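Q: Coordinates for the following, if possible.
(6 chains)
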6 protein chains.
Amino acid sequence: MRPSGRAPDQMRSLAFEPGFTKHAEGSCLVSFGDTRVLVTASVEEKVPPFLRGKGSGWVTAEYGMLPRATHTRGAREAAKGKQSGRTQEIQRLIGRSLRAVTDLKLLGERQIVLDCDVIQADGGTRTAAISGAWVALRLAVNGFMGQLSGDPIKTQVAAVSCGIHEGTPVLDLDYLEDSNAHSDGNFVLTGDGNIVEAQLTAEGALFDEEALLRLLRLARIGCAQIFEAQLKAVGR
Amino acid sequence: MRPSGRAPDQMRSLAFEPGFTKHAEGSCLVSFGDTRVLVTASVEEKVPPFLRGKGSGWVTAEYGMLPRATHTRGAREAAKGKQSGRTQEIQRLIGRSLRAVTDLKLLGERQIVLDCDVIQADGGTRTAAISGAWVALRLAVNGFMGQLSGDPIKTQVAAVSCGIHEGTPVLDLDYLEDSNAHSDGNFVLTGDGNIVEAQLTAEGALFDEEALLRLLRLARIGCAQIFEAQLKAVGR
Amino acid sequence: MRPSGRAPDQMRSLAFEPGFTKHAEGSCLVSFGDTRVLVTASVEEKVPPFLRGKGSGWVTAEYGMLPRATHTRGAREAAKGKQSGRTQEIQRLIGRSLRAVTDLKLLGERQIVLDCDVIQADGGTRTAAISGAWVALRLAVNGFMGQLSGDPIKTQVAAVSCGIHEGTPVLDLDYLEDSNAHSDGNFVLTGDGNIVEAQLTAEGALFDEEALLRLLRLARIGCAQIFEAQLKAVGR
Amino acid sequence: MRPSGRAPDQMRSLAFEPGFTKHAEGSCLVSFGDTRVLVTASVEEKVPPFLRGKGSGWVTAEYGMLPRATHTRGAREAAKGKQSGRTQEIQRLIGRSLRAVTDLKLLGERQIVLDCDVIQADGGTRTAAISGAWVALRLAVNGFMGQLSGDPIKTQVAAVSCGIHEGTPVLDLDYLEDSNAHSDGNFVLTGDGNIVEAQLTAEGALFDEEALLRLLRLARIGCAQIFEAQLKAVGR
Amino acid sequence: MRPSGRAPDQMRSLAFEPGFTKHAEGSCLVSFGDTRVLVTASVEEKVPPFLRGKGSGWVTAEYGMLPRATHTRGAREAAKGKQSGRTQEIQRLIGRSLRAVTDLKLLGERQIVLDCDVIQADGGTRTAAISGAWVALRLAVNGFMGQLSGDPIKTQVAAVSCGIHEGTPVLDLDYLEDSNAHSDGNFVLTGDGNIVEAQLTAEGALFDEEALLRLLRLARIGCAQIFEAQLKAVGR
Amino acid sequence: MRPSGRAPDQMRSLAFEPGFTKHAEGSCLVSFGDTRVLVTASVEEKVPPFLRGKGSGWVTAEYGMLPRATHTRGAREAAKGKQSGRTQEIQRLIGRSLRAVTDLKLLGERQIVLDCDVIQADGGTRTAAISGAWVALRLAVNGFMGQLSGDPIKTQVAAVSCGIHEGTPVLDLDYLEDSNAHSDGNFVLTGDGNIVEAQLTAEGALFDEEALLRLLRLARIGCAQIFEAQLKAVGR
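A: Predicted structure coming up:
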C-alpha cells in the first residue's frame, strides 16, 4: 500500500499552467502532485562559443530550488557561492533530454535556455522539470516558427520516476516513497516510444533485469499521460 | 501622464496570497501589479553565533531573482558563484526593516529567515518583498505564539517606492517609470506612522527638501493601503 | 552631551591632504577627526563594456578597509575571497554620488576609478570617502582638462552623517556615537544645495518627518564646511 | 567493424596494479586499454557530520583528471577554482557504487575516501575508476579487518560501458567509439549478479527496450572478466 | 650609473614612523625611498587550530597592495576574489622571517598578525614590509611584556634587495632598477649576523657564486642601516 | 648519520621515465627516491594576452599533488576551490626556472605548459618537478624543431634541495630529513654552471655565509648527476 493510497501504476495529479510568467518567450508552471516547478524558456540570438558560425542552435538548462521548497530550509546556492553536484547533474540531464528531441540545425544560430526553478518539492522535481520544459520550449519555438524552414522539435519528451517501494514497483514516487525506496530510477521517453535516458540506482536492495523492465513499463504508462497533458497545455 | 494611466498617488493593484507554499512556517505570494515575489518564513531553533546564549532571537532575509523574472534573462547568481552588490544591498534592507518591528527578546533564541524570491519583476521588487515579508513573518510567528510570553511583532511594516516622473512626484513606480525617473526613493514605514528607512537617490536631476517631503507623503498614502491589505491577508 | 564634548552641530576637525600618493592622477588623504581615508583617482582610457563606442565616460568607486583600521582586526576581504555586502553597498553609493555631479559626455570615453581605502576608522568612513573622492576626482580631471571641451565636473559633492544621539540630533557621528545612535543617516549634498542621496535607518527608536528634516538641516551645516575645505585643498 | 579491431563483446586489455603508491592504505593503478586511473583508498578515523555518533561508517569518492590526461590539455580544476558538473557527477556515481556493496555498520565509525585520478584517458574513465576503487577498498579494509566483527565488503562491484556503435551494440567503448556512439551507457554490477546503477543516454539516435537489454547483456560479459581480474589483484 | 644617482652600496632614504595608526597594538609606516608600507601588529588571545593547547604562540603576516600603489592601477584582490600567487608568496616570507626571531613559547598562547599594506610602491615592498614589521611587532610586544616571563623577541630582523644592474651589484633596488635588473635577490638578516632567508632569481643573465657573495655583502651593509633606524623608531 | 643511511653528499636513486603518457607532446615520470612526479609538456599554438603579436613564446608551469601522495590525505585543491600559497609558489618557481634556459623568441608564438603532478611525495617534489620538466620540455621541443630556426633550449636546468641535518650539510633531503632540518634550501642550476634560483630558509637555527656556500657546493654535486640522467632520458 502506497502512503498516498495511489495504485502502483497511478500518477499524481498532473497540471501544466502555460504562460505563467509574462516576460519569457515560453513558460509553464508544472505540477506533479505537490511538486511544482516553474520553467521559463528564454530565446537568445547567440550560441555558445563552440557553436559560433556553425549554423547550429543550442538548447541548455539550468536548475535551482528555492531555499524553502523543501521540508527544512536548504542553504541558498547563490549565497554559498556554488551549485551542488546534485544541481549540476540535474541540469545536465534536463539539457540532454530536450536536445534529444530538437533538430539543432533547424533551430538556427540561437540558444534556448530552460530555467527550471522548484517552487515546492515533493519528489520527482527533475522529471517534472523535463516534462514542463518541453511545454515551455514548444511555446517559445512557436513564437519564431515563421523564421524557420521547418519545426525543430521532432517529437515530445517526458520523464517520470519509478521505484521499488516495499517490494512493489510503483510509478511517480512522491517524497515519502522516494526517501524509503529500495531502488529507483528516472526514465526520459519520447513521444514516439524511444528511450532518451534511463538512470537506475539501487539503494539498499539491488535490482535485477526483470525489475528494470517492470520499471520501464511503468514509465511508459506515466509518460503516456504526461504526453497527453503536454499537448493540451500547448493547445493541440 | 503616467505610462500606466495611473493617477500620481495611485498604487498598482495589490495582492497578498498567504500560504502559497506548504512547507514553510509562513509564506505569501505578494503582487504589486505585475511584480510578484514569493516570500517564505522559515523558523529555525538556533541563532547566529554572535547571539548564542544571549536569550535573543534574530530575523534575517535573503533575496533572489529568478533568471527570467526580467525582460531579458539575467545570469543565475548560483551559477556565477556570487550574489551581486544589488542583491546584498536589498537583502540587508529587508532584514533591517523587519527587525525594526520585531522584539527580538520576546522571540526567544530562534531565527526566522525570510526568503524573498522574485518570480516576475516589473519595478518595486524590494518594496513588495518587505511588504510580503511582514505577512509571512506574522503567519510564522502565529504558529508558535503559544510558546511565547508576548507578541514579538510590535507593529506592521510596509514599503513603497516613489519618484519624480517627468517632473511629477508619483507613487509605486513600475519598471517603465523606474527606468525613466529622474530621482526616486524607497520608504519603509511602520503601522504606527514612523519611518524605518528612507533611501533617496537622484539620477539625472537632483532633488530638494520639498521634493523629499512630497515623496514621503505619497509613501504614507501607499503604505496605508498596504497595511490594510496585509491585515486582510493574515485574517485580522 | 556628546562623548567628544562637541556641540550638536559641530563637525570633527576636517583635513584634506591632496597629492598624498605620487602615482595616481589625483589623490587625497581625507580626515574627519580620527577617520582617515586615502582616495586615489585613476584615469583609464577605456570604458566599461556597456558604454563602449557611445562617446560617454564613466566614474566608479571601490572601497576597502585595512584589516586593522578598526578597534579589533577584521578579516582581510582579499583573503576571505569576497567583499562583504557592506563594502559593496558603500562603493555603489560612492560611485553614484560622484556620477551625480559629473557630465559623463564631457568626460569623453575614459573611466575614472576612485579607490577609497580606510586607513583608520572612527565612524563616518563612507561620508569621508565621498568628500575626499571629490577632491581626488577634481585633481585628476584638472590633469587632462586641456583635452576636453568643457569642465565635466558640474559642482561639488560632499557627504556627512547625522543621527539622534540620546534624543538629540547631532552632526558627524564618531564611532562611539554611531554605535549608540537610535537612528542615523547619511546625506550626500551638492555644492548648489541639492540632495544626491539620503539614507536614513532607524535602529531601536524609529523617527518621524520632523526628525528627518532636522537631520537634513544639520547635514547642510556640515557639508557647507566640507565644501569650503575641499576648495582649499584643490587650490581654489 | 570497431576502430580497434575488437569483437563487439571484447573488452580492452585489463590490468590492476595493486599497491601502486606507498602511503595509501590501499591503492591500485587500473588500466582499461590506454585508460589508466590511479585509485587510492584513505582510511580516516572520523565520519562526516551527519553520521557522527551513529555507529556507522562512510565510503566516499573524489575524481579528477590530470590536465594532460586527454588529447588536448584541459584546464586544471584547482586553478579554475571549481569542479565541473561532469566531475561531480562521476564522483557521486563512484561513491554510490562502492557504498552499495559495503555494510557501513560493520565498517564502524570510520570513513574511506577513494581518490580516483585519471593519469591517461581513452574512454571509460568512470568505469575503470569504479572497478579499480573496489580493489583499493578491498586492500584498505584488509588492513584493519582484525578490528572488525565481520567483513564489511559484501560482494565485488565492477563497471563497464556499452554503446551502439554504427548500429552494433559493443562493449567497453574507447575514446574513438565513445565520441561516435549513437547511444551509450554505463552499468555497475555486483559480483552476485545484480544491478547497482544503470545509466543510458541516447545521443543522436534513441534506443528501445531491446537495445537496453542487449547492452545489459554485454555489460554482464565485461564485468565477469573484471571480477576475475580484481580477485587476482587482491590475491584471492 | 644608477638611475637615481645613488652609489652602488647606497640605500634609499629610510624612515620608520611608529604609531601611525591608533587602534593597532603596534604600528609603523615604513619608507624605503618612495616605497611606503603601513604595518600594523594585532595581538589576538587565540592561536591557530594546530597550536591550541600547546602553550605556544604564533606570528603570521598578511600582505596587500592598494590598487593604485603602482604606476598603473592593479585590480583589487578583494574584488577579484582571490590573492595572487605573488601576494601569497610575500606574506609567507614575511611570516617566516618574523617567526625566525621570535621565541613562540615565550609569547604564550596568543597570535600576532602583521598586516603589511603597501600605500605606495617603488620597488622593494617586501623588504620594507619585513623591516617595518619588526618595529610593529616590537611595539606590540612591549605592550604586554609585563605578562611574560622573558622577551620573546630574540633579535632584530631586516630585509633588503640587491641585484645586478647593468653589470654592477647594487643595493636596495628601486622600481626602475628592479624592472631592468638581470638578476636580483632578497636577503633577510638578523641583528646578530645570520641569514634567515636568501632568495635569488636570475632573469635574463644568470649569476655565479661570486655574484651571490657580493650581493650578500651589500645586503649586510643595507641591513646594518636598517637595524639602526629600527632601534631609533622603537626608542632604544 | 642520515635516517636513510646515505652519505651527506649522496643523492637518492634517480630515474627519468620519458614518454610516460601518450597524449602529451613530451612527458616524463621523474623519481627522486620515493618522490615521483609526472610531468607533461603541452604545446599550444597561442600565447598569453600580454605576449600576443610580439613574436615571442612562453613557458609556464602548473603544479599539483594528488590528495594521497602524502602520508595523510590532503584536501583536493579542486574541491576546496583554490590553490594553496605553497602550490602557487612552487609553480611560479618551476616556470621561472624553465624560462631561464629557454630562448622565448626562438620558440615562436607558442606556449608550452608544464604540468607537474606529484603521484607520491617523500620530500623534494619541487626539485624533482623542475628536473623532470626539463626532460618533458626537451622532448616536446624536439617534436617541432623542424619548424624553428634554432634550438630554443639554451642549456639544461636541474634542481636539488640541501639542508643542515643535525649539524651536517646534506644533499637531497627526503621527507624525514626535511621535517627535521634546521635550515634548508633549493638550488636551481644550469648545465653551464650558473645559478638560476637559490632559496634558503632557516627554521630554528639560522645559517651563515659559510653554510650557504657549503650547501651550494652540495647542490652542484647533485645537479651534475641529474644533468647526466636527463641526457640519458632524452637519448643523447
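Q: which secondary structure element contains the closest residue in space to A:Gly95 that isn't next to it in sequence?
A: Excluding its sequence neighbours, the residue lying closest to A:Gly95 (C-beta to C-beta, 6 or more residues apart in numbering or on different chains) is A:Ala61, at 4.2 Å. Backbone N, C-alpha and C define where each C-beta goes, glycine included. A:Ala61 is located in strand A:58-65, with elements delineated by DSSP states H and E.
Q: repeat for A:Ser161
A: Going by DSSP H and E, A:Ser161 is in strand A:157-165.
Q: Show me what that strand is packed against.
A: Secondary-structure packing of strand A:157-165 (3 or more C-beta pairs under 8 Å, 6 or more residues apart in numbering or on different chains; DSSP states H and E): helix A:85-99, helix A:125-142, strand A:168-171, helix A:175-180, strand A:183-190, helix A:209-233.
Q: Can you say which of these is nearest to F:Gln156?
A: Within the helices and strands packed on strand A:157-165, the stretch nearest F:Gln156 is helix A:85-99; the backing value is 44.7 Å (C-beta to C-beta).
Q: what's the next secondary structure element after that closest one?
A: helix A:104-107.
Q: what about A:Pro152, distance to A:Val141?
A: Noted for A:Pro152: a distance of 6 Å to A:Val141, by C-beta to C-beta, to the nearest Å.
Q: Show the contacting residues for A:Ile164.
A: A:Val170, A:Ala181, A:His182, A:Ser183, A:Asp184, A:Ala205, A:Phe207, A:Ala211, A:Leu215 (C-beta atoms under 8 Å, 6 or more residues apart in numbering or on different chains).
Q: my guess is the last one contacts A:Cys162, does it?
A: Yes: in terms of C-beta atoms under 8 Å, A:Leu215 counts as a neighbour of A:Cys162; the distance is 4.1 Å.
Q: The strand holding A:Ala61 versus helix A:125-142: what angle between them?
A: Computed by axes from the mean of the first three to the mean of the last three C-alpha atoms, to 10 degrees, the angle separating strand A:58-65 from helix A:125-142 equals 140 degrees.
Q: average pLDDT across stretch A:76-84?
A: The average pLDDT within stretch A:76-84 is 93.
Q: who touches it?
A: Residues contacting stretch A:76-84 (C-beta under 8 Å, 6+ apart): A:64, A:67, A:87, B:62, B:64, B:76-83, B:87, B:115, C:82, D:82, D:88, F:81.
Q: same question, stretch A:212-228
A: Contacts of stretch A:212-228 (C-beta under 8 Å, 6+ apart): A:8-9, A:11, A:14, A:131, A:156, A:158-160, A:162-164, A:169-172, A:185, A:187, A:189, A:191, A:193, A:195, A:198, A:200, D:195, D:198, D:209, D:212-213, D:216.
Q: residues from chain A in reach of chain D?
A: By the rule C-beta under 8 Å from any C-beta of the partner chain, the part of chain A lying against chain D is A:82, A:84-86, A:88-89, A:91-92, A:96, A:100, A:185, A:190, A:193-203, A:206-209, A:212-213, A:216.
Q: Could you turn the buried ones of the residues you listed into a ChimeraX selection?
A: To isolate the buried members of the residues of chain A next to chain D in ChimeraX, using 16 or more other C-beta atoms under 10 Å in any protein chain shown:
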select /A:82,84,85,88,89,91,92,96,100,185,190,194,195,196,197,198,199,200,201,202,203,206,207,209,212,216
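Q: Run through the residues that contact A:Gln111.
A: By C-beta under 8 Å, 6+ apart, the residues touching A:Gln111 are A:Val43, A:Glu44, A:Lys46, A:Val47, A:Pro48, A:Gly57, A:Trp58, A:Val59, A:Thr60.
Q: Okay, and the beta partners of it?
A: A:Glu44, A:Trp58 (DSSP bridges).
Q: With A:Ser27 instead?
A: Going by DSSP bridges, A:Ser27 forms beta bridges with A:Thr40.
Q: What separation do you get for it and A:Gly143?
A: 11 Å.
Q: again with A:Val188
A: Taken as C-beta to C-beta, the span from A:Val188 to A:Gly143 is 25 Å.
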